[in-house]
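Need a 3D model of the following:
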Amino acid sequence: MSVIIISWIFRRLLKAGVPEEWADRLAKPLLIAGLVLLGIVCAIGAVQLHDRGVIDDYEKDRAIASIEATDKAAEQRARDEIENFKQEQEMRDAIDAAPESDVPLHPAISAAVCLQLRPSERERTPACRSAGGDGAGTRSIKRSGN
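This is a model prediction of the structure:
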């Protein structure tokens, strides 16, 4: 095979006007140089293909991790919403369940509890609603032991 290629290069050199003695000396080195160049091009192509595969795998893994993180965050938000709702319900129930008495609840305490509730929850809680939603109403609780 190499003899055919060398003779082809030799004929091309002769057609290009290179003297026969130079063409004979140049044919084999040109073949070697061409094969080296072809090998370099193939190696660069193989590296590019490998790099593209690595990049594609990385992007695929990153997309999967992003989807998993988004799903995990959505689940956490849902759990947080449920927990917040339960806590607000407990606060609302505690405010509503406080018995009426002659001992008034300090307005600052009532206001602090009502301000922790969301605005929509303040409106639904009678103790918070009684004085404009800030909890500073006239609600009283019975204190034990005093």
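
Which strands or helices does the host helix or strand of residue 95 pack on?
Using DSSP states H and E, residue 95 falls within helix 20-97. Secondary-structure packing of helix 20-97 (3 or more C-beta pairs under 8 Å, 6 or more residues apart in numbering; DSSP states H and E): helix 2-15, helix 107-116, helix 119-124, helix 126-129. For glycine as for every other residue, the C-beta is placed from the backbone atoms N, C-alpha and C.

Give the residue spans of this structure that score low on pLDDT.
For the chain, applying pLDDT under 70 flags the ranges 1-2, 98-105, 118, 120-146.

Isn't residue 92 up against residue 117?
Yes - using C-beta atoms under 8 Å, residue 92 is in contact with residue 117, at 6.8 Å.

related to what we said a few turns ago, buried deepest among the helices and strands packed on helix 20-97, which one?
Highest mean neighbour count among those (mean count of other C-beta atoms under 10 Å): helix 126-129, with a mean of 19.

For residue 56, give me its contacts.
By C-beta atoms under 8 Å, 6 or more residues apart in numbering, no residues touch residue 56.

Distance check, residue 68 against residue 62.
Using C-beta to C-beta, to the nearest Å, one gets 11 Å for the distance from residue 68 to residue 62.

what about residue 30, how many neighbours?
As a burial measure, residue 30 scores 17 neighbours (other C-beta atoms under 10 Å).

Correction: the previous question concerned residue 59.
Neighbour count of residue 59, defined by other C-beta under 10 Å: 10.

same deal with residue 23?
19.

Ignoring the adjacent residues along the chain, who's closest to it?
residue 13 (3.8 Å; C-beta to C-beta, 6 or more residues apart in numbering).

Residue 27 is in contact with the one you found, correct?
Yes - at 6.6 Å, residue 13 counts as touching residue 27 under the criterion of C-beta under 8 Å.

give me every residue that touches the residue nearest to residue 23.
By C-beta under 8 Å, 6+ apart, residue 13 lies in contact with 22-23, 26-27, 30.

Swap in 10 Å and give it another go.
19-20, 22-27, 30 (C-beta atoms under 10 Å, 6 or more residues apart in numbering).
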